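Q: I'd like to go over a predicted model; first the sequence, then the structure.
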There are 2 protein chains.
Amino acid sequence: MSYYEQNRTAFLETLKEFLRIPSISTLPEHKPDIRRAAEFLVEQLRGAGLASAELIEGPGNPLVYAEWLGAPGKPTLLLYGHYDVQPADPLEEWKSPPFEPDIRDNNIYARGACDDKGQTLILVKAVEGLLKTRGDLPVNVKFLVEGEEEAGGEHITHYVKQKPPRLASDAAVVCDTEMFAPELPTICVGLRGIVYSELHVEGAGHDLHSGVYGGAAPNPIQAIAEILSRLKDRQGRIKIPGFTDRIRPPSDKEKAAWERLPFNEKKYRKEMGARKLVGEPGYTVFERLWARPTLEVHGIRGGFTGEGAKTVIPARAVAKISMRLVADQQPDEAIEQFKTAVAKACPKSVRAEVKILHVGAPSLTDPDNPFIRAAAQALTEKFGQQTVFTRSGGSIPIVGVFQQNLGIPSVLMGFGLPDDNLHAPNEKFHLPNFYRGIETAARFLEIVGA
Amino acid sequence: MSYYEQNRTAFLETLKEFLRIPSISTLPEHKPDIRRAAEFLVEQLRGAGLASAELIEGPGNPLVYAEWLGAPGKPTLLLYGHYDVQPADPLEEWKSPPFEPDIRDNNIYARGACDDKGQTLILVKAVEGLLKTRGDLPVNVKFLVEGEEEAGGEHITHYVKQKPPRLASDAAVVCDTEMFAPELPTICVGLRGIVYSELHVEGAGHDLHSGVYGGAAPNPIQAIAEILSRLKDRQGRIKIPGFTDRIRPPSDKEKAAWERLPFNEKKYRKEMGARKLVGEPGYTVFERLWARPTLEVHGIRGGFTGEGAKTVIPARAVAKISMRLVADQQPDEAIEQFKTAVAKACPKSVRAEVKILHVGAPSLTDPDNPFIRAAAQALTEKFGQQTVFTRSGGSIPIVGVFQQNLGIPSVLMGFGLPDDNLHAPNEKFHLPNFYRGIETAARFLEIVGA
């Protein structure tokens, strides 16, 4: 029986202890919990044999850092995770309290179980097992765990941008994604980037009565409707000039691999609860989700939205609009193209201004990269199935930050499942994936160091 | 010195007392104030010589009723006003407390000063003066004053729809409008009607993450944008088939009269604070405001509108959309045309449903109607200027209710000024207009009874 098999109960108890700390980064009242979670992790890393474990203080929540550099000549891996979690509301929809971990049907239910405390602990326990049984590691490792991934990740971005020599590495390992399906080991090789903006539109100087002024006064919400319907057509094609020019289409090999993924479009649509899927004609669902950009409106503020009727023409309105970008779109260029298109689509009776809230670059890693190959081999061995390569339609900005500032690719090896309820009530982590994840991560380090 | 000149101080004190009652009909905590205001009015009417004054109880706030029928063979006038007021918020913008009347520069400042306590009292004091000095009235009068004009007016509508014999009259007098400009006596002969609706749009069964689903999932806000931009074009033309077919254009005489109104388009635009006026090409501002329908979006609920960024694709969104109608558009027909156009404009990936919140018919009165002529004569005499005939872009649903159920026209003789801040902080009423209003109303009764 391996160290990993012997210690499952201990690993589980540690995970429960970690999950009992409500380290919600978006709510200021949880600041003490944030620190408790960070300190808990430092203790765990020290207990694993990384005496160097410490907090890095700075603008925001502390980073947790630890290193083991006893394998000169071997690659160095930067192991990333986050110890903060999403808020738990709506509380009444949880079957067990979000910060009292409960095990049902081989799943552990708690906020952060999968995202990302369970997955962060996988990396810690993998290293612990190797150090306890071998006395050393096959590679050099540097842990860098942040405490505000759910709140913008400013501290880690600020820190990595300074390119501190201690972060020099050959690749990052980001354990914060999911498997495409149960039992199907998955590596994510592409992420969409994001430009999140606010479109501010101003009409009159003050709110107006629609009876008195309707027919002569500009309406900023109508103007936003005009703009939105010009930026994207009814078929879902983005009409921003030049916007799609740099897109690198997926290779035939990648597209063929996507065709083989277990996927039922009808079932997918039903789970979504939609009458019909939308999207650009001529592209498969995976291409639309992973390899094509989006333009999405998330909400409009301004005007009257209470119960009943109020006949106001609002003076101003703000729409939240994001664009997801794919390789090789460049965020700065996309922003300029977007601003130009908005200015052109905007009716002359109102003034429109675009404010950019945050930006993340898209990323795409070659599956033939040796670190990806090693991860795929470890996953295939431990799960007994061929590893699949997917992309994600979402954005993990830290991957771009590592790429741009440290010049390293990221291995996105995740053990979550599609129904783990991330960011929702009843978040869970499948315990067999927790245990297999630890063994897979350890095996990955061995292969990289071989 | 006439009775009216002698009693100005007493009239003013009565108005102040009336204004001190915070009879806000939209806030349930003011129910006792509503009743106090209604009872205050009953006392006033009795004091004026109308012993019949009483409350009519029913579904909603009490109506105040009083009649004097001592002029057989003479016309009977239904005198309408309302004793309820709008809420006063934002309180911090008031220079003097909203329910402590304050006189500055010959204006009385208080919530309800003009809308509609001051104007309701004009009718009461006009009748009082005639009864005190002549011992009778030149016509028969029936007061009907409501207490929920600012909250939908359900009680009075319900009551009038029963066509109670006691309401039989030859014309209504609605003292709840404004003069086109200071010193310019004005009768409003046309009102736009209104259809106020909610457009409910449903996409997926639950909110979705725009990273994971963006590109394949329907977006209800984008769908609303599509619908809005198809219902009205960039030039402000409503594109609902058949919608404008029944519109009766203003006569050349009426249009010529509008041309003579004191109006500076540039100044109007600057006061509005807009860069540019909008509206249908080929129509003057007055035609766009008074004689053309509108389609206006007032707000969209759904999605994320807080500070910062949230990448949600909302499952559903609701837009508040109103249409203002002009003679001879028919609300029921307009609703059907609107629903058909929405269904046609709606993308197939979402489901749209239109809910009608309230409806008011447009109205248009012939300026040659004898009651209108009498009012114009009284106004011209008392203000020393030729009375002008305008329309209003707003809606006073009670006018349509009187027309449809009692078969009577309304005389809209108002003494407010354009800067009286109705529904806004620092509402005021110009005291000379209060006093002249009383004399004008009395003179009007004399002319009608002559």
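A: Noted; the coordinates are in hand.
Q: does chain B sit close to stretch A:113-131?
A: No. Residues of stretch A:113-131 are not located near chain B by CB under 8 Å from any CB of the partner chain, the shortest gap being 12.1 Å. C-beta: built from backbone N, CA, C; applies to glycine.
Q: Can you tell me how far A:Pro211 is from B:Thr294?
A: For residue A:211 the amino acid is Gly, not Pro. Separation of A:Gly211 from B:Thr294 (CB to CB, to the nearest Å) stands at 9 Å.
Q: Counting neighbours, go ahead and name the busier of those two.
A: Between A:Gly211 and B:Thr294, counted using other CB atoms under 10 Å in any protein chain shown, the more crowded position is B:Thr294 (28 against 22).
Q: Isn't the more buried one up against B:Val326?
A: No. B:Thr294 is beyond contact range of B:Val326, at 9.4 Å (criterion: CB atoms under 8 Å).
Q: Give me the common contacts of the two.
A: Common neighbours of B:Thr294 and B:Val326, using CB atoms under 8 Å, 6 or more residues apart in numbering or on different chains, are B:Arg192.
Q: Give me the buried positions along the one helix or strand A:Gln119 maps to.
A: A:Gln119 belongs to helix A:119-134 when elements are defined using DSSP states H and E. Across helix A:119-134, burial judged by 16 or more other CB atoms under 10 Å in any protein chain shown covers A:119-131.
Q: In three-state terms, how would A:Val354 be classified?
A: strand (DSSP: H, G, I helix; E, B strand; the rest coil).
Q: beta partners for it?
A: Per DSSP bridges, the residues bridged to A:Val354 are A:Leu199.
Q: for it, what are its contacts?
A: Residues counted as contacts of A:Val354 (CB under 8 Å, 6+ apart) are A:197-200, A:335, A:338-339, A:342.
Q: any residues in contact with both of A:Gly211 and B:Thr294?
A: Both A:Gly211 and B:Thr294 are contacted by B:192, B:324, B:393, under the criterion CB under 8 Å, 6+ apart.
Q: Narrow the residues you listed to those in strands?
A: The strands, defined by DSSP state E, take in B:Arg324 from these.
Q: Also near chain A: which of the shared contacts of A:Gly211 and B:Thr294, exactly?
A: B:192, B:324, B:393.
Q: Scan these and report the most crowded one.
A: Ranked by neighbour count (other CB under 10 Å), those have B:Arg192 at the top, with 31 neighbours.
Q: So it sits against B:Pro397, correct?
A: No. B:Arg192 lies out of contact with B:Pro397 (CB under 8 Å); the separation is 10.9 Å.
Q: Give me the nearest residue to A:Pro362, chain neighbours excluded.
A: Spatial nearest neighbour of A:Pro362, excluding adjacent residues (CB to CB, 6 or more residues apart in numbering or on different chains): A:Gly193 at 3.6 Å.
Q: and the one you found, what does it touch?
A: A:324-326, A:329, A:331, A:359-363, A:395, A:400.
Q: From the centroid of chain A, which residue is nearest?
A: With distances taken as CA atoms, centre = their mean, the residue of chain A nearest its centroid is A:Ile396 (3.9 Å).
Q: Could you report the distance from it to A:Glu148?
A: 14 Å.
Q: between the contacts of A:Val354, which is closest to B:Leu431?
A: Using CB to CB, A:His200 comes nearest to B:Leu431 of these, at 42.3 Å.
Q: Just give the nearest non-adjacent residue to that closest one, would you?
A: In space, and not counting its chain neighbours, A:His200 is closest to A:Glu353: 4.6 Å by CB to CB, 6+ apart.
Q: Which residue ranges of the stretch 201-350 of chain A form helices?
A: For the stretch 201-350 of chain A, the helices defined by DSSP state H, counting those that start in this stretch occupy A:210-213, A:220-231, A:252-260, A:265-272, A:285-286, A:331-345.
Q: Of all those helices, which one comes closest to A:Tyr109?
A: Judged by CB to CB, the one of the helices of the stretch 201-350 of chain A that comes nearest to A:Tyr109 is helix A:265-272, at 20.6 Å.
Q: How about residues contacting that closest one?
A: A:276-277, A:285, B:204-205, B:208, B:213, B:216-217.
Q: Contacts only, for the closest residue to A:Gly58 other than its chain neighbours.
A: Distances taken as CB to CB, 6+ apart place A:His155 nearest to A:Gly58, at 5.2 Å, with adjacent residues excluded. When contacts are counted by CB under 8 Å, 6+ apart, A:His155 touches A:58-63, A:146-148.
Q: And the spatially most distant residue from the centre of chain A, what's its pLDDT?
A: Of all residues in chain A, A:Val212 has its C-alpha farthest from the mean position, at 48.5 Å, by CA atoms, centre = their mean. Looking at A:Val212, its pLDDT reads 90.
Q: okay but it is in contact with B:Thr390, surely?
A: No. A:Val212 is beyond contact range of B:Thr390, at 11.9 Å (criterion: CB under 8 Å).
Q: OK, contacts around A:Pro90?
A: Applying CB under 8 Å, 6+ apart, the residues contacting A:Pro90 are A:Pro425.
Q: distance of it from chain B?
A: Here the distance between A:Pro90 and chain B works out to 12 Å (CB to the nearest CB, to the nearest Å).
Q: Same question for A:Asn140.
A: 33 Å.
Q: what number of residues lie near that residue?
A: By other CB under 10 Å, 22 other residues sit near A:Asn140.
Q: can you check the one 4 residues further on too?
A: Counted with other CB under 10 Å, the neighbours of A:Leu144 add up to 24.
Q: Who are the packing partners of the helix or strand containing it?
A: For A:Leu144, the element it lies in under DSSP H and E is strand A:140-146. Here strand A:140-146 touches strand A:63-68, strand A:76-82, helix A:119-134, helix A:154-161, going by 3 or more CB pairs under 8 Å, 6 or more residues apart in numbering or on different chains; DSSP states H and E.
Q: For the closest residue to chain B within the stretch 351-450 of chain A, which non-adjacent residue is closest in space?
A: Closest approach between the stretch 351-450 of chain A and chain B, counting by CB to the nearest CB: A:Gly394, at 2.8 Å. In space, and not counting its chain neighbours, A:Gly394 is closest to B:Gly211: 2.8 Å by CB to CB, 6+ apart.
Q: count of neighbours near the nearest residue to A:Val139 once chain neighbours are set aside?
A: Nearest residue to A:Val139 in three dimensions, chain neighbours excluded: A:Gly449, at 4.1 Å (CB to CB, 6+ apart). With neighbours defined by other CB under 10 Å, the count for A:Gly449 comes to 18.
Q: Verify the contact between A:Val145 and A:Tyr80 for me.
A: Yes. A:Val145 sits in contact with A:Tyr80 when judged by CB under 8 Å, with a separation of 7.0 Å.
Q: Just give me the closest of the contacts of A:Val354 to A:Leu137.
A: Nearest to A:Leu137, judged by CB to CB, of the contacts of A:Val354 is A:Ile335 at 42.6 Å.
Q: so how many other residues sit close to A:Arg373?
A: Using other CB under 10 Å, A:Arg373 has 17 neighbouring residues.
Q: Equivalent analysis for A:Lys74, please.
A: The number of residues near A:Lys74, taken as other CB under 10 Å, comes to 17.
Q: Where does it fall, secondary structure wise?
A: Short version, using DSSP H and E: A:Lys74 is in no helix or strand.
Q: per-residue pLDDT, it?
A: 98.
Q: That one: what's it in contact with?
A: Counting by CB under 8 Å, 6+ apart, A:Lys74 has contacts A:138-140, A:448-449.
Q: Tabulate those residues (TSV), appending pLDDT.
A: Formatted as TSV, those follow (pLDDT from 0 to 100):
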residue	pLDDT
A:Pro138	98
A:Val139	98
A:Asn140	98
A:Val448	98
A:Gly449	97
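Q: if we take those residues, which one ends up nearest to B:Val312?
A: Set against B:Val312, the nearest of the contacts of A:Lys74 by CB to CB is A:Val448 (38.3 Å).
Q: Nice, that's everything, thank you.
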